[in-house]
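1. What shape does this take:
(2 chains)
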Amino acid sequence: MAVGNPGPADSGLRAAPSGHRTAERAIFWYGCNMTRHGEVIRATSRLLEAVGVEAAPRGGPASCCGSPKDANARINEGMARRTIEAFNATGRGTVVTWCPSCHMNMQDSMAPVTPTNFETVHVTEVLHARREALRPLLKRPIPARVLLHAHLGFDGRVPVNDLVPDLLRLVPGLDLVEHRCRVPGHMCSSLAAVPGALADAQRATLAAMAETGADTLCTIFHSCHRECVALEQNHPVRVVNWVHLLAWSAGWEAEDGYKAMRNAADPRAALGEALVDAAGEVPFTRLVEPELRKPPAI
Amino acid sequence: MSLADHIRAESARLAALCTACGDCVSACPMTPYAPGVAEAGPAAVAAGLRDVLLAGPGTPAARAWIAACTRSGVCTPACREGIDPAFMLRLATWRAKGALGDGPLIAVKEDTQFSPKVKAFARVTLTEKEQREWL
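-> Next up is the predicted model:
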């Protein structure tokens, strides 16, 4: 496989199943920052199971792609190698990714350096290829006029800006609007690191919602969701993730826990003493609470 | 092969193929956030990128462009040589951050609390069983 290029488009779990068979075993590599969104990990695993893929969730610092240490190739490589070796040891032949950074890093820098015993596919490719298995599950109408929060990046690698809308079209009652708005970057976290870029992208997104009459913004990735849910504080919009919409249509419990924390007037009170204790008083005060109290970009 | 070797080898390979025409710079939606790029012009910025790939210091405008890269990826289909400028930017970002042991050429914003924060959120949103099995 050429470095920097996606793999074949018709292999393994990217293809629709040829008939009834036992569940295929895979790893659901959800990444690091997805730990903010436990219900999304759970619902995604359940969606994968519904299409015949038994995918063991793996993520967090022990399964890191190494990118948090981009300034040191030796450390980056060590983290990435540990992750690949752990995945190889499971004997599972497919790693289903969620995070576009993890996905691209696996293809661009991890697999070329450390041999892999698995193929890497994105979760949207798997669910899209097997979407007919989802159709009978998605019975509950979700009345919403939805704009997809779409980035320019990653779509050239995996066409998420087409795959996710196709999945959303399975949801009864959901009206997906069309708009040309594609904000820069591959996720909002990349924009947040460039002064002014995230605010500009969010203004463009809200303008697209106003232009199309959308009442709901549907994020694809976790870092976009993290940044966009705070729009609800100052603007009359609803922000959801595509997995929330599919889960709700299936009748599954999938409350957006991060949004509830992020938009609470008092995050500490919203979480309650037990969860603050679970995080640890010092980690909560120093690491969790500052993020939850950060003012919205616009 | 080490990651450092991979970065060096791919940098050299792509720098040799790049003609510094500047089409990648012209296509980039992030240039408004990169001071000096408009004044320098696309070809000069691309030449500066190529210099960074060859272990040089680049130019101020090229370094600003590298720092502003958010992986939009539109540079790759814009490349008349078909050589994946998005990956060139990725390689240049590693080099400019000092990943190979040289001094950094751009500001490095590393979150030293990244892993503890990920774990703290996990303790809030995942059950103890999920933490044991999924982390």
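2. give me every residue that touches residue 76.
-> In the absence of a named chain, chain A is used. Contacts of residue A:76 were listed using Cβ atoms under 8 Å, 6 or more residues apart in numbering or on different chains, and they are A:66, A:67, A:69, A:70, A:109, B:3, B:99. All C-beta spots, glycine's among them, are computed from the backbone N, C-alpha and C.
3. that's the other chain; I wanted chain B
-> Counting by Cβ under 8 Å, 6+ apart, residue B:76 has contacts A:156, B:24, B:84, B:85, B:86, B:87.
4. so which strand or helix has residue A:58?
-> In this structure, residue A:58 sits in strand A:53-59 according to DSSP states H and E.
5. Run through the neighbouring helices and strands of that strand.
-> strand A:24-31, helix A:38-50, helix A:73-90, strand A:94-97, helix B:128-134 (3 or more Cβ pairs under 8 Å, 6 or more residues apart in numbering or on different chains; DSSP states H and E).
6. Show me which positions of it end up buried.
-> Using 16 or more other Cβ atoms under 10 Å in any protein chain shown as the test for burial, strand A:53-59 gives A:53, A:55, A:57, A:58, A:59.
7. pLDDT on the helix or strand containing residue A:128, on average?
-> Counting by DSSP H and E, the element that carries residue A:128 is helix A:123-129. With pLDDT averaged residue by residue, helix A:123-129 scores 98.
8. can you tell if it touches chain B?
-> No. Helix A:123-129 is not in contact with chain B by Cβ under 8 Å from any Cβ of the partner chain; minimum separation 15.2 Å.
9. Report the buried residues of whatever helix or strand comes next after that helix.
-> The C-terminal neighbour of helix A:123-129 among helices and strands, as given by DSSP H and E, is strand A:144-148. By neighbour count on 16+ other Cβ under 10 Å, the buried set for strand A:144-148 is A:144, A:146, A:147, A:148.
10. Show me what the helix or strand following strand A:144-148 is in contact with.
-> Proceeding N to C from strand A:144-148, the next assigned helix or strand is helix A:160-168, under DSSP H and E. Applying Cβ under 8 Å, 6+ apart, the contact partners of helix A:160-168 are A:100, A:122, A:124-125, A:127-128, A:131, A:134, A:146, A:148, A:150-151, A:154-155, A:174, A:176, A:182, A:218, A:220, A:242, A:245-246.
11. how deep is residue A:195 tucked in, by neighbour count?
-> Number of residues near residue A:195 (other Cβ atoms under 10 Å in any protein chain shown) recorded here: 9.
12. how near is it to residue B:65?
-> Between residue A:195 and residue B:65 the computed distance is 15 Å (Cβ to Cβ, to the nearest Å).
13. Same question for residue B:6.
-> Distance, residue B:6 to residue B:65, using Cβ to Cβ: 23 Å.
14. okay, the two: which has more neighbours?
-> residue B:65 (31 against 20).
15. show me the contacts for residue A:278.
-> By Cβ under 8 Å, 6+ apart, the neighbours of residue A:278 are B:123, B:124.
16. Report pLDDT for it.
-> Value for residue A:278, per-residue pLDDT: 95.
17. Give me the distance from the strand or helix carrying it to the chain's centre.
-> If you go by DSSP H and E, residue A:278 is part of helix A:273-279. How far helix A:273-279 lies from its chain's middle: 25 Å, per Cα atoms, centre = their mean, to the nearest Å.
18. for it, which positions count as buried?
-> Buried residues in helix A:273-279 (16+ other Cβ under 10 Å): A:275, A:276, A:278, A:279.
19. just to revisit the earlier point, using JSON lines, lay out the helices and strands packed on strand A:53-59 together with mean pLDDT and distance to residue B:71.
-> Converted to JSON lines, the helices and strands packed on strand A:53-59 look like this (pLDDT from 0 to 100; distance: least, Cβ to Cβ, whole Å):
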{"stretch": "strand A:24-31", "mean pLDDT": "96", "distance to residue B:71": "15"}
{"stretch": "helix A:38-50", "mean pLDDT": "98", "distance to residue B:71": "22"}
{"stretch": "helix A:73-90", "mean pLDDT": "97", "distance to residue B:71": "16"}
{"stretch": "strand A:94-97", "mean pLDDT": "98", "distance to residue B:71": "15"}
{"stretch": "helix B:128-134", "mean pLDDT": "97", "distance to residue B:71": "27"}
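20. Quick check: which of these is buried the most?
-> strand A:94-97 (a mean of 26; mean count of other Cβ atoms under 10 Å in any protein chain shown).
21. pLDDT on the following helix or strand past that strand, on average?
-> Per DSSP H and E, the first helix or strand lying C-terminal to strand A:94-97 is helix A:100-105. Mean pLDDT, computed over helix A:100-105, is 97.
22. Is any residue of helix A:100-105 near chain B?
-> Yes. Residues of helix A:100-105 contacting chain B under Cβ under 8 Å from any Cβ: residue A:104.
23. That helix packs against which elements?
-> strand A:24-31, strand A:119-122.
24. residues of it that come out buried?
-> Within helix A:100-105, the residues that qualify as buried by neighbour count (16+ other Cβ under 10 Å) are A:100, A:101, A:102, A:103, A:104, A:105.
25. ditto for stretch B:34-50
-> Going by neighbour count (16+ other Cβ under 10 Å), the buried part of stretch B:34-50 is B:34-37, B:40, B:42, B:44-50.
26. Name the surrounding residues that touch the longest helix belonging to chain B.
-> What stands out as the longest helix in chain B, according to DSSP state H, is helix B:3-17. By Cβ under 8 Å, 6+ apart, the surrounding residues in contact with helix B:3-17 are A:3, A:66, A:73-74, A:76-77, A:80, A:109, A:112-113, B:1, B:50, B:53-55, B:81, B:83-84, B:87-88, B:91-92, B:94-95, B:99-101.
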